[in-house]
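In: The sequence and its predicted three-dimensional model are supplied below.
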Amino acid sequence: MIKKVRKAIFPVGGLGTRFLPATKAMPKEMLPIVDKPLIQYAVEEALVAGIEELIFVTGRGKSAIEDHFDRSFELEEALRIRGVKVDHITLGVPRLSPGSIAYTRQQEPLGLGHAVWCARHLIKDEPFAVLLADDFIHGKKPCLQQMVEAYEECGGIMMAVMNVDRAHVSRYGIVDIACENNPLVTIRGVVEKPHPDRAPSTLAIIGRYILNAKVFEYLERQEQGAGGEIQLTDALGHLVSQEPFYGFRFEGKRYDCGAKAGLLIASLAVALSREDLSCELMPELQSLLANSDVMQKVIKRA
């Protein structure tokens, strides 16, 4: 019997140095896409997929994330005084039930594998999801919901995957494809950040995973991989021959919001999809693009 995926890990301990000075005093996961922080999109995606327990692996300076998902009595009272009805819809933040959210600390930024390992005692022996808020996936059906539905049919270990330019494979974990049965890809190997000439494919792992507790046995070794970090991909490589192992080609557009351009483009995509913003935004974008000075600068840089 395939166990239900009830728990999800959110690794949020990174420093966010690429967004300085904005992230000097604010977690990068709190950077907004329009009017909602990245981490909230990830949490809402998990809740829609049926996740019941949310586990945040944090680091120093991440208290804003905890505060965001907590009640703010001062704000609620100030709104009431102004005559505003206060509920989770008004505030725009999911109201999480008591005991459904937990925080554990990653004392050192030793990599994604290490962050996942830090939550091992909260996971115990259950299957679990991992969501990276930096990987924002915009589509009609949330990515993790798509994956959970597929997992409930086939079980095993599952990772979201998408094709990338071969020149960019060294930025990702890359899978070795055994066979394809769209949207599932049976995987026979994974390699972290390979050189383009040695990559087994251009199919890259994106920040959504459904895993089981066996991965902790290999993360427990604390072996350093690419970049001197404890890589989740390296631990998964040990499980390929032991478990049904799948990539999942999700529906939707992925934006790398760990980079400035990706965050800006994602914000535009979301804004243009919203009726309350698109009518005002589109003429301004058209005017900006029609500006000859702006276009000349863009052409020169390209």
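Out: Now that the structure is in, tell me what you want to look at.
In: Return the distance of the longest helix along the chain from the chain's centre.
Out: Counting by DSSP state H, the longest helix found in the chain is helix 275-290. Here the centre of helix 275-290 is set off from its chain's centre by 28 Å, with Cα atoms, centre = their mean, to the nearest Å.
In: Can I get that helix in PDB? Just the C-alpha atoms.
Out: C-alpha atoms of helix 275-290 as PDB (Å, rounded to 0.1, in the frame of the first residue of the first chain):
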ATOM      1  CA  GLU A 275      -7.400  41.000 -13.900                       C
ATOM      2  CA  ASP A 276      -6.800  43.700 -11.300                       C
ATOM      3  CA  LEU A 277      -3.300  44.500 -12.700                       C
ATOM      4  CA  SER A 278      -3.000  43.500 -16.300                       C
ATOM      5  CA  CYS A 279      -5.100  46.300 -17.800                       C
ATOM      6  CA  GLU A 280      -3.000  48.900 -16.000                       C
ATOM      7  CA  LEU A 281       0.400  47.200 -16.500                       C
ATOM      8  CA  MET A 282       0.200  46.300 -20.200                       C
ATOM      9  CA  PRO A 283       0.000  49.900 -21.500                       C
ATOM     10  CA  GLU A 284       3.000  50.800 -19.300                       C
ATOM     11  CA  LEU A 285       5.000  47.900 -20.600                       C
ATOM     12  CA  GLN A 286       4.200  48.700 -24.200                       C
ATOM     13  CA  SER A 287       5.200  52.400 -23.600                       C
ATOM     14  CA  LEU A 288       8.500  51.300 -22.100                       C
ATOM     15  CA  LEU A 289       9.300  48.900 -24.900                       C
ATOM     16  CA  ALA A 290       8.400  51.600 -27.500                       C
END
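In: what's it packed up against?
Out: Applying 3 or more Cβ pairs under 8 Å, 6 or more residues apart in numbering; DSSP states H and E, one finds that helix 275-290 contacts helix 260-273. All C-beta spots, glycine's among them, are computed from the backbone N, C-alpha and C.
In: Let me see the domain layout of the chain.
Out: 7-258, 263-302 (automatic domain parsing).
In: winner for burial among those?
Out: Counting by mean count of other Cβ atoms under 10 Å, domain 7-258 has the highest mean neighbour count of those, with a mean of 18.
In: dump the residue contacts of Glu223.
Out: 230, 234 (Cβ atoms under 8 Å, 6 or more residues apart in numbering).
In: if I look at it, how far off is Val240?
Out: 16 Å (Cβ to Cβ, to the nearest Å).
In: What of Ala42?
Out: 26 Å.
In: likewise Met159?
Out: As for Met159, its distance to Val240 is 11 Å (criterion: Cβ to Cβ).
In: Just give me the residues shared between the contact sets of the two.
Out: Ile187.
In: Please work out the average pLDDT along stretch 163-176.
Out: In this model, stretch 163-176 carries a mean pLDDT of 93.
In: ugh, wrong one, stretch 272-285
Out: Stretch 272-285 carries an average pLDDT of 91.
In: do the same with stretch 206-217
Out: Across stretch 206-217, the average pLDDT comes to 95.
In: who touches it?
Out: Residues from elsewhere that reach stretch 206-217 (Cβ under 8 Å, 6+ apart): 5, 116-117, 120, 123-135, 137, 143-144, 147-148, 151, 157-162, 232, 235-236, 239, 242-243, 248, 250, 254.
In: 6 Å instead, please
Out: 5, 120, 125, 127, 129-132, 135, 143-144, 147, 151, 157-160, 162, 235, 254 (Cβ atoms under 6 Å, 6 or more residues apart in numbering).
In: Straight-line length of that stretch, end to end?
Out: Stretch 206-217 has an end-to-end distance of 23 Å (criterion: Cα to Cα, to the nearest Å).
In: quick one: that stretch to chain centroid distance?
Out: 14 Å.
In: and if you look at stretch 255-272?
Out: That offset, for stretch 255-272, works out to 13 Å (Cα atoms, centre = their mean).
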